[in-house]
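The sequence and its predicted three-dimensional model are supplied below.
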Amino acid sequence: MPPRISHILETSLYVEDLERSQAFYQQVFGFDVFIADGRMVALGAPASGVVLLFARGKSARPSETPGGVIPPHDAHGQQHLCFGIAMDALDAWSDHLARLDIAVESRVTWPRGGVSLYFRDPDGHSLEVATPGLWPNF
């Protein structure tokens, strides 16, 4: 049996325009900027999470740091990221997205009672906010 992990710490999206994407994620989610260096932006998310926005193609080579080398990575196409929200925040999220003129692409009610709202970021990535009842562990 593998050693247990505690949580997902970071996830990455690959974007065309870092400044545009940083502004979008700060406006929509209120994330704090931890690092912004022209290659990537690290945004603080709830529950000790980090959303990494990488300029597409800029991390395709190893990155030297004082502590070691970060292996190359990159992605193309429409990626997906989901954030958990409280059930009583669902209407507030619908209203918030409408105020920002962000179209809800789909609303799904799941068999366990959870509800998801799907929408897109400026790069076409599929974003989701979901209430408890989506998965057995949420």
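That came in fine, so what should we check first?

okay, CA-based contacts and neighbour counts for the rest of this
OK.

for the one helix or strand in the chain whose mean pLDDT sits lowest, packing partners?
Ranked by mean pLDDT, DSSP states H and E, the weakest helix or strand in the chain is strand 63-65, scoring a mean of 91. Here strand 63-65 is seen to pack against strand 68-70 when contacts are counted using 3 or more Cα pairs under 8 Å, 6 or more residues apart in numbering; DSSP states H and E.

quick one on the thing from earlier: parallel or antiparallel, which strands does the least confident helix or strand of the chain pair with?
If you go by DSSP bridges, strand 63-65 pairs up with strand 68-70 (antiparallel).

Mean confidence (pLDDT) on the longest helix along the chain, please.
Of all the elements of type helix in the chain, the one with the most residues (DSSP state H) is helix 18-29. Here the mean pLDDT over helix 18-29 is 98, rounded to a whole number.

mind listing what's buried in stretch 5-17?
Neighbour counts over stretch 5-17 (16 or more other Cα atoms under 10 Å) mark 12-15 as buried.

Mark which of those residues are part of strands, please.
Judged by DSSP state E, strands contain the following of these: 12-15.

Need the residue closest to the centroid of this structure.
residue 81 (4.8 Å; Cα atoms, centre = their mean).

Please, which helix or strand holds the closest residue to that one other than its chain neighbours?
Ranked by Cα to Cα, 6 or more residues apart in numbering and with sequence neighbours excluded, the top spatial neighbour of residue 81 is residue 127, at 5.1 Å. Assigned by DSSP states H and E, residue 127 belongs to strand 126-130.
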